[in-house]
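S.K.: Would you be able to build a 3D model of this:
(one chain, ligands or ions: 2)
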Amino acid sequence: MSSLLITHIGTLIGLHPKETLLLKGNEMAKLPQLQDAWLLCEEGLIQDYGKMDQLPQHLPNGVKTVSASGGFVFPSWCDSHTHIVFAAPREEEFVMKIAGKSYEEIAAAGGGILNSAAKLQLATEDELFESASVRLNDMIRQGTGAVEIKSGYGLSVESELKMLRVIRRLKESFPIPVKASFLAAHAFPLAYKNDHAGYISLIIDKMLPQIAADGLADYMDAFCEQGFFSVEETDQLLNAAAKYGLRPKIHANQLSVSGGVQVGIKHQAISVDHLEATDDAAIAALANGDTIATLLPSCSFYLGIPFANARTLIQANVPVALATDYNPGSTPSGNMNLVASLGCIKLKMLPEEAINACSLNGAAAMQLADQTGSIAKGKRANLFITRPMPSLAYLPYSFGQSQIETIILNGQIQ
Ligand SMILES: N=CN[C@@H](CCC(=O)O)C(=O)O
Ligand SMILES: [Zn+2]
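M.R.: Residues are numbered from 1 along each chain as shown. Ligands and ions are numbered 1, 2, ... in the order given. Purely as a prediction, here's the structure:
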């Protein structure tokens, strides 16, 4: 693999020590930087960096040089919560929402997750791979350099496995780390509307053993929410997943206080995600722990539901990550730049906090913080170069616009 030297970096962002794998509390506002810098990538990894006035005399043979022309260099965004494998968009529900229908009302009318599941059953693996690839390429162009993708629009043995095989193919085909979460417990399929125990058994007895045997999932997910999966059902599912070594990353407290946070922590969840409806008991359960609160502000924005209380979580010394939740129903957007902006504008996070939440803590929410999410020697060289900007805050301030000029993955310009 070739070497790449980036010169004339206005500001190099995110220089956390390599051993820093998770940020909480006051640490979240610390984002070490270096001005007037260079950075050298070799064999796909960050080899070294320093000040421009100390540019090394001896560089690797055949090194390619690119000037950042005074722009900032950031570690790539780490998007730790997405549902980008789906068969069709749902813009008809967008129009229903404009006309005043709630997310729950649309789901009850046969829309929502079941609508996506019906369409996914008819799609081939190739079709799903092609459409998810277009989405993932768009996300990469917007600065994402690591991603988690969930199943959950299959809701049958065959279709859940189909989704997970598509995610595996994305893993094998794209130059960024991809993690897979198994989310058959996303909604009860129509056939099991009145037989919840039957669907839970299907997941535990038929899906999990095959998925584990084929190594198709890294994590277990469940939508723990009124009208979806109860705390008891989630508990049962997470117990079963633990037998296969699958740790949880779960949907908790999105539409109501569901008890999802506590059941997630009981099972050593890597992250509990959403938390738009979080109460004091959930914050107390998370306080000072290592379970990451993954907040999804573009979902709140799109659905018009409350925004999670990031400030209280940070004050309670909880590690906070931000992710897109890219999916056809509640968040048809995979733009992490917008997520960083909404983190600042709506969650009142400082730019440094939002950027850490979109990078290092996002990586931690996929157990990838040892290889990506910050600029450290030996880490994967997944980076982006921005236009020259007056300050760090300018990136989230200029919401809805991209400042990104160049994407570098594994030390190679894309
Ligand atoms: N809340 C559950 N799952 C998704 C939405 C899925 C859908 O509406 O298709 C979410 O995270 O928002
Ligand atoms: Zn989700």
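
S.K.: Can you report how many residues neighbour the residue in the chain that ligand 1 sits nearest to?
M.R.: Closest to ligand 1 within the chain is residue 329: 2.3 Å, counting by Cβ to the nearest ligand atom. The C-beta positions use only the backbone N, C-alpha and C, and glycine is treated the same way. Residues within reach of residue 329, counting by other Cβ atoms under 10 Å, total 24.

S.K.: can you check residue 203 too?
M.R.: By other Cβ under 10 Å, the residues close to residue 203 number 23.

S.K.: Return the per-residue confidence for the spatially closest residue to it that is not a sequence neighbour.
M.R.: With sequence-adjacent residues excluded and distances taken as Cβ to Cβ, 6 or more residues apart in numbering, residue 203 is closest to residue 184, at 4.8 Å. Looking at residue 184, its pLDDT is 98.

S.K.: I'd guess residue 184 is in a strand, am I close?
M.R.: Yes - looking at residue 184 with DSSP: H, G, I helix; E, B strand; the rest coil, it is inside a strand.

S.K.: Which positions in the stretch 101-250 of the chain make contact with ligand 1?
M.R.: 112, 113, 116, 223 (Cβ under 6 Å from any ligand atom).

S.K.: Redo those residues as TSV? Include neighbour count, pLDDT and distance to residue 373.
M.R.: As requested, these are exported to TSV (neighbours: other Cβ atoms under 10 Å; pLDDT from 0 to 100; distance: Cβ to Cβ, whole Å):
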residue	neighbour count	pLDDT	distance to residue 373
112	21	90	32
113	24	94	30
116	25	96	30
223	22	98	26
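
S.K.: Break the protein into its domains for me.
M.R.: As given by automatic domain parsing, the domain ranges for the chain are 3-75+373-413, 78-364.

S.K.: and the end-to-end length of the last one?
M.R.: End-to-end distance of domain 78-364 (Cα to Cα, to the nearest Å): 9 Å.

S.K.: So that it lines up with my notes, have the first residue be 35 from now on.
M.R.: In the new numbering, first residue 35, that becomes domain 112-398.

S.K.: Can you give me the pLDDT of the closest residue to residue 326 other than its chain neighbours?
M.R.: Of all residues not flanking residue 326 in the chain, residue 305 sits nearest, at 4.1 Å (Cβ to Cβ, 6+ apart). Looking at residue 305, its pLDDT reads 98.

S.K.: got it, and residue 205?
M.R.: 98.

S.K.: now residue 134
M.R.: Reported pLDDT for residue 134: 91.

S.K.: cool, and residue 92?
M.R.: 89.

S.K.: and it, that one's in a helix?
M.R.: No - looking at residue 92 with three-state DSSP, it is coil, so not inside a helix.

S.K.: in the protein, which residue is closest to the centre?
M.R.: For the chain, the residue nearest the mean C-alpha position is residue 114 (1.9 Å; Cα atoms, centre = their mean).

S.K.: Was I right to think that one contacts residue 358?
M.R.: No - using Cβ atoms under 8 Å, residue 114 is not in contact with residue 358, being 9.2 Å away.

S.K.: ok so, going back, settle this for me: the residue of the chain closest to ligand 1 is touching residue 147, isn't it.
M.R.: Yes - the criterion here is Cβ under 8 Å, and residue 363 meets it with residue 147 at 6.7 Å.
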